[in-house]
Structures are given as structure tokens and as C-alpha cells.
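Participant: fold the stuff below for me.
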Amino acid sequence: MSDRTARRGRALLVALVLSAALAGCGAIDGGESPTATDTGTATPAGDAAQLRAAGVDPAATFDRIERLLGVNATQPSIDVVDTPPRPQRSRTATLSVLFGEAPLGNRTVRMLYDAREHRVVVPERTLDQFDPAFVEATLAHEYAHALQYRTFTVEALAFHSQTARTAFVEGTANWAGAQYVQRYDHLSAAAAAPEGADVDENRTLVRLATAPDALGRQWANRTLDDPGNFSSLFDRPPETTAAFRPGVDGEPRPLSVAAGARLFGNWTWSEARPKGDLWTRIALADQIDAERAATVADGWGADALRVFERGDAEAVVWVHRWNSTAAADEGAAALRDFAAGRRAESDAYRFRAVRVTDDATALVAGDPAATDLLAVTGSGSDVTVRRAH
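Facilitator: Predicted structure coming up:
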């Protein structure tokens, strides 16, 4: 491969990775499979023909990705839609309270594999706005998802957090897409930076969407030197985002975050959801220096986030158990600065950092009608969110 071709391939991969990360396949804090919550309005029959008319052959693309990865499965159907699907995202409370940002919505969706229906959903605007080679590379990425689900039953794999699952599912699909781009020379003419991406890469939610993909892709790149061994990635994948990094064990410390017995009546709450060290790093960097946020996140031992609701009032309680007292000191200081930064930005919500134990902290954020009534206490690995009065 010439240097020029290699550069074009790498440029296409950069565009493909960003597009795939925002396409809804690895939805932020989404469900157990990369599916849409609203699959849009499908066009009449002949959807695969629409791709062929746009210069992309779905059957040939699926055959290539199968041969490249050394696996076989039934080819998904193609649905070209007028209205892009809405990918699953985090609860609105988590996003608006912690970061003051609205969900990304469906405007960034380029393509999506629907695991339940075994189909690839393609918005019409993707065919209208992008180079056929870029569309084919994105389709190869979605076909890699189909192989993950139909051949390797990726949904049965156990991960500590949804972020870790996203890192594996999206990262390995992105790695497969990179191999596809490098293998087939006809893709080298794709645009390096497609028009219409229309995303602010400085937004915290965009970083939360793209960082797990990059983490998983880097892990796959270190793990494999031959795409024909793709199946070996599924033997024993990392369970935490920390474990995707070289030389890091990443085993989480014990942590239980319970709702207190006095939270009754009109109180409801979500289950405790681990977010992981990567999510911690990116979330803290919303308000503090990124290098400091990375240092603090290196002390991650475990975490769990719960959303509490009292009528229309919502509160986010995010508990961390750090690897040591010293790491908890750094974590507590970072959370205090995070809370102060968000207080300066928001008049609607309240933010406070709590030192729960020697090695545990909590961030309490949200509507005053909820946060002012919550206290966080703990002992050892057991933390309880209870009524303050």
C-alpha cells in the first residue's frame, strides 16, 4: 500500500470512528443490545437496491467482512428510513444535571445495527450526504456488529458497566472496520472529513460517546495482529474499562449503594449502575483540568450511580470507592471542584461532594427539593442513601 493510500485509509478511519461512535450502536448508557428505541419510518421494498444505486453493494460488503474476519452468519436485511432512529441514551437527569447538556438525539445517526430485528437501519440522508466509500466502510462496521451478535452472542458476555460493554462492542467493531478499510483499495478515495458530521467534539457527551470506542479499538489492536483471529477477542474480554489498558488489572473493589428504608412514599429510584474509570475521567474533565481528571481516575476502585426522584424533583447520587485513602483525598477534592464549577453554571440545581468513608466519596446533584432531603452514609463497602431528616 502506498503512503498516500495509507494516509487516505487512516483519514477515512478517523471519520468512520467518529461517525460510528455517534451512530447509536454504542448508545451512552444504553440497553444490552445496540438497538434503536424508535426505528424510524422505513421506505417500501427495495432498500438494498437503494444502496446499490448509491454505489454500495451490501451483499459484497457482507461477504468481504465475513472473509476478512473468518466467520459466517446470515446477512442482515437493509432498511432505508426517512426519519433517523433515536439511539438509546442516558437518563435525561444524569445528563442535564451532571453536565448541563441535552442528549445528542438522532441528528448524528449515520447507520445502526438493530440486533433484535437483525437489520441495518440506514437514514436516507446518509446516502445523500456521504461518499459511497464512507457509506460502505460504515456498513462494514454495522455488519461487524451483526457477526458479534449472531456468531459470538456478545450479549451473553459479562461486563462491569455499560461503558465497558460499549468499549468492547464498539471498539472491536471499529477495529474490524479499520482492517476492512486497509484491506480493500477501492475505499482509499473516501473523504477524510465528511461534510455533515455537525458535532461539537468538545462536548462532554460527545467525549463520553467516542472514548469507549477508542479504548476498545486500541485494546483490540494490541491483542490481535490478524483479523482472521477476530473470534479470539470474545474468549475473555476485559470486564472493566480500566482493564482495557495495558498492565492494568482493573478488578473493581466491593461496593454496595443501597436506598435507605426511610425513602418511601413518593420517592422512587433507579438501580445502581457502575460507570467505570473512563466515565469518571471524562465526567470530571467537564469541570477540572483533563490531566488532573486522568490522575484522579487512576485511583478508581469502584463506583455506582443512582437517580432518585421525589415527584418531579430528581437527584443524581454518584458514589466512588477509591483504591486508597490518598486516592479518596484526591477524588474528594476533584469532586468539590466539579461541584463548584457546576454551581457557577446552574441556578436550577445544587451540587455537593460528600466524604462518606476513608476511601469513599459521593457527589449529590440535582433539584433542591430532592437533594436537600438526601444524606449519604457508609461503612466499609456499604453505602446508604437515606433521608437527611
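Participant: the helices in the protein, which residues?
Facilitator: Taking DSSP state H as the test, the helices found in the chain are 3-21, 47-53, 58-69, 92-99, 124-129, 132-151, 162-183, 204-223, 276-284, 290-297, 325-345, 368-371.
Participant: between the fourth one and helix 276-284, how many degrees?
Facilitator: The one in question is helix 92-99. 60 degrees (axes from the mean of the first three to the mean of the last three C-alpha atoms, to 10 degrees).
Participant: so which residues make contact with helix 92-99?
Facilitator: 29, 89, 101-103, 204-205, 283, 286, 305, 307, 309, 314-316, 318, 342, 349, 365-366 (C-beta atoms under 8 Å, 6 or more residues apart in numbering). Bear in mind the C-beta positions are built from the backbone N, C-alpha and C, glycine included.
Participant: buried residues in it?
Facilitator: By neighbour count with 16 or more other C-beta atoms under 10 Å, helix 92-99 contains the buried residues 93-99.
Participant: still on that earlier bit, and the contacts of helix 92-99, which are buried?
Facilitator: 29, 89, 103, 204-205, 283, 286, 305, 307, 309, 314-316, 318, 342, 349, 365-366.
Participant: among the residues you listed, which ones are in strands?
Facilitator: Among the buried ones among the contacts of helix 92-99, the residues falling in strands (DSSP state E) are 305, 307, 309, 314-316, 318, 365-366.
Participant: biggest separation within those residues, which pair?
Facilitator: Distance extremes for these: the farthest pair is Glu309 and Trp318 at 15.5 Å, using C-beta to C-beta.
Participant: hmm, back to that, what is the nearest of the buried residues of helix 92-99 to Glu291?
Facilitator: Proximity of the buried residues of helix 92-99 to Glu291 (C-beta to C-beta) peaks at Phe99, which lies at 19.4 Å.
Participant: returning to that earlier point: I'd like the ones in strands among the buried ones among the contacts of helix 92-99 laid out as CSV, including pLDDT and distance to Arg262.
Facilitator: Below are those laid out as CSV (pLDDT from 0 to 100; distance: C-beta to C-beta, whole Å):
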residue, pLDDT, distance to Arg262
Leu305, 97, 21
Val307, 95, 18
Glu309, 94, 16
Glu314, 94, 19
Ala315, 95, 15
Val316, 96, 20
Trp318, 98, 21
Ala365, 97, 21
Gly366, 96, 18
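Participant: which one of those is nearest to Ala214?
Facilitator: Using C-beta to C-beta, Leu305 comes nearest to Ala214 of these, at 22.2 Å.
Participant: may I see the helices of the chain organised as a markdown table, with distance to His118 and mean pLDDT added?
Facilitator: A markdown table is the format used below for the helices of the chain (distance: least, C-beta to C-beta, whole Å; pLDDT from 0 to 100):
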| stretch | distance to His118 | mean pLDDT |
| --- | --- | --- |
| helix 3-21 | 19 | 43 |
| helix 47-53 | 14 | 92 |
| helix 58-69 | 12 | 96 |
| helix 92-99 | 30 | 81 |
| helix 124-129 | 20 | 91 |
| helix 132-151 | 7 | 93 |
| helix 162-183 | 15 | 94 |
| helix 204-223 | 22 | 93 |
| helix 276-284 | 29 | 97 |
| helix 290-297 | 37 | 98 |
| helix 325-345 | 42 | 98 |
| helix 368-371 | 41 | 96 |
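Participant: go through those and name the closest to Trp269.
Facilitator: Trp269 lies closest to helix 368-371 among these, at 10.2 Å (C-beta to C-beta).
Participant: other SSEs contacting that closest one?
Facilitator: With contacts defined as 3 or more C-beta pairs under 8 Å, 6 or more residues apart in numbering; DSSP states H and E, the packing partners of helix 368-371 are strand 300-310, strand 313-322, strand 350-357.
Participant: so how far is that helix off the chain centroid?
Facilitator: Its chain's C-alpha centre and that of helix 368-371 lie 29 Å apart, by C-alpha atoms, centre = their mean, to the nearest Å.
Participant: one more: stretch 294-311?
Facilitator: Distance of stretch 294-311 from its chain centroid, counting by C-alpha atoms, centre = their mean, is 16 Å.
Participant: Glu166 against Leu215, yeah?
Facilitator: Careful, residue 166 is Thr; it's not Glu. No: using C-beta atoms under 8 Å, Thr166 is not in contact with Leu215, being 9.2 Å away.
Participant: which of these two has more neighbours?
Facilitator: For Thr166 and Leu215, the more surrounded residue by other C-beta atoms under 10 Å is Thr166, and the numbers stand at 30 against 23.
Participant: and stretch 237-253, how far out from the chain middle?
Facilitator: Here stretch 237-253 is found 16 Å from its chain centre; the criterion is C-alpha atoms, centre = their mean.
Participant: now do that stretch: everything it contacts.
Facilitator: With contact meaning C-beta under 8 Å, 6+ apart, stretch 237-253 is reached by 157-161, 163-164, 167-168, 171, 212, 215-216, 218-219, 222, 274, 276-279, 300-302, 321, 323, 381.
Participant: buried ones among the residues you listed?
Facilitator: Using 16+ other C-beta under 10 Å as the burial test, the contacts of stretch 237-253 include 157, 159-161, 163-164, 167-168, 171, 212, 215-216, 218-219, 274, 276-279, 300-302, 321, 381 as buried.
Participant: tell me how far Arg217 lies from Ala167.
Facilitator: From Arg217 across to Ala167, the span is 9 Å (C-beta to C-beta, to the nearest Å).
Participant: skipping its backbone neighbours, what lies nearest Val376 in space?
Facilitator: With sequence-adjacent residues excluded and distances taken as C-beta to C-beta, 6 or more residues apart in numbering, Val376 is closest to Ala362, at 4.2 Å.
Participant: err, Ala334, not the other one
Facilitator: Nearest one to Ala334, counting by C-beta to C-beta, 6+ apart, is Val296 at 4.6 Å.
Participant: could you count how many residues lie near the one you found?
Facilitator: Val296 has 25 neighbouring residues, counting by other C-beta under 10 Å.
Participant: what does the one 10 residues further on give?
Facilitator: Other residues within reach of Arg306, judged by other C-beta under 10 Å, total 19.
Participant: ok, Ala176 touching Ala137?
Facilitator: No: counting by C-beta under 8 Å, Ala176 does not reach Ala137; the two are 10.6 Å apart.
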